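Asks: can't give you the sequence, but here's the structure:
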C-alpha cells in the first residue's frame, strides 16, 4: 500500500471517529428532563432561601433580644443616677418636710401652729433618776397600763 | 430627530430591562430548544458516556439559571453555553477517569441511525473507533479541544476561536497539528502491530 493511500485511510478513520460525535443523538425527551430538573432546582433553591432567611432571623432575634435587654439595663441605671442627682437633700439640722411631698413622714418635724405651754411641774412626763447607779422611775410617773414595774428597793448598806 | 434624542433613544434601547421570572423562563426554554443537542454532542465528545453527557447538559442550563442576571450581557449564547459545557465536561472527565469508554462508543456506533453513517464507516469497527479516541486523548489539551469542537458541524471556526479565546488562524493551525499528530500516532500503532 502506498504512503498516499495510507494517509487517506488514516484520515478516513479519523473522520469516521469524529463523525460519531457530530451525529450523536441525545436520548429521547432530553428537553423535558432538563425543564423538570430546572423546575426542581428552582423550587429547591426557593425552599433553601426561605430556610436561610428563617435561620437568619432566628439568629437576629437572639441578637436583638440581647441588645434590647442591655439597652433596658442601661436605661434603668442612667435613669436612677439622674434621679438621685436631681433630688435636693435638705441641710443637716432641722429637717422640715414640705407638706404633701410624701417624704420624711417619720423624720419630719411637726411645727405646732401655736406655742406649746410649759407644763406646771416643769418636768417631762417621765423622769429618770439615777440612784446609786441604778435607773429608777418615780411612783407617780404616768405609765401605760399593763406594764409591771418592780418596787424600788433601797440599796443594802454594808 | 436630533442627535440628542437619538442618543437618549439609544441609551434607553441599550439599558438592560429587568426581566420577570416568566421572561427568564421563556429565554431558558428557547435556549434549551436550540442548543441542547449541540451541548449534548460537546459533552459526549469529552465524556463519551450518554448519561454523563445528559447530566452535563442539565448542569449547563442550571448554570444559566444561576447566572440569569448576565443573560443581557451575553453576546453569543452558543459560544457561552458551549464553553460552560466544555468546562463541566472536563471536570467530569477528570473525576471519572477510571471508567472504560469502549462500551459507550460501541453502543453509539450500534444505535447511530444508518442514514447518518457513511458506507466507509461501516467497515470501521467500534474497537477501531475506541483506538482512535484513545489516541485523541493523548493529544495536547489545546489541540484536542480544537479537533473535537471542529467535529461538530454546528460550530464555525470563528465560534471555536471564541470558545477557546483565541484567533481563527490559531484554531486552524491547532486542528492541522492535531490531525497530523493523530495520523502519526495511528501509523506508529499500525506498524507496531
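Replies: Looks like it arrived, so ask away. The model shown is predicted, which means the values in this text are computed figures rather than measured ones.

Asks: what about the strand or helix carrying residue B:26, distance to the chain center?
Replies: When secondary structure is defined by DSSP states H and E, residue B:26 falls within helix B:21-47. Computed by CA atoms, centre = their mean, to the nearest Å, the chain-centroid distance of helix B:21-47 equals 11 Å.

Asks: would you mark the buried spots in that helix?
Replies: Within helix B:21-47, the residues that qualify as buried are B:24-25, B:27-28, B:31-32, B:35-47, counting by 16 or more other CB atoms under 10 Å in any protein chain shown. All C-beta spots, glycine's among them, are computed from the backbone N, C-alpha and C.

Asks: and those near chain A, which?
Replies: By CB under 8 Å from any CB of the partner chain, the members of those lying near chain A are B:28, B:32, B:36, B:37, B:40, B:41, B:44, B:45.

Asks: what sits against the fourth one?
Replies: To tie it back to what came earlier, the one meant is residue B:37. In this structure, residue B:37 makes contact with A:25, A:26, A:30, judged by CB atoms under 8 Å, 6 or more residues apart in numbering or on different chains.

Asks: and what of the last one?
Replies: Residues touching residue B:45, when contacts are defined by CB under 8 Å, 6+ apart, comprise A:21, A:24, B:89, B:148, B:149, B:151, B:152.

Asks: what ranges does the chain have for its helices?
Replies: Defaulting to chain A. Under the criterion DSSP state H, chain A contains helices at A:3-22, A:30-86.

Asks: sorry, should have said chain B
Replies: Using DSSP H, the helices found in chain B span residues B:3-14, B:21-47, B:50-66, B:77-95, B:102-111, B:119-122, B:126-137, B:141-151, B:157-163, B:168-192.

Asks: mind putting the ones you listed in TSV, mean pLDDT included?
Replies: TSV is the format used below for the helices of chain B (pLDDT from 0 to 100):
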stretch	mean pLDDT
helix B:3-14	46
helix B:21-47	88
helix B:50-66	92
helix B:77-95	92
helix B:102-111	59
helix B:119-122	54
helix B:126-137	86
helix B:141-151	93
helix B:157-163	93
helix B:168-192	91
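
Asks: let me have the ones you listed in a markdown table, extended by distance to residue A:86.
Replies: Converted to a markdown table, those look like this (distance: least, CB to CB, whole Å):
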| stretch | distance to residue A:86 |
| --- | --- |
| helix B:3-14 | 64 |
| helix B:21-47 | 61 |
| helix B:50-66 | 63 |
| helix B:77-95 | 72 |
| helix B:102-111 | 89 |
| helix B:119-122 | 102 |
| helix B:126-137 | 88 |
| helix B:141-151 | 82 |
| helix B:157-163 | 79 |
| helix B:168-192 | 86 |
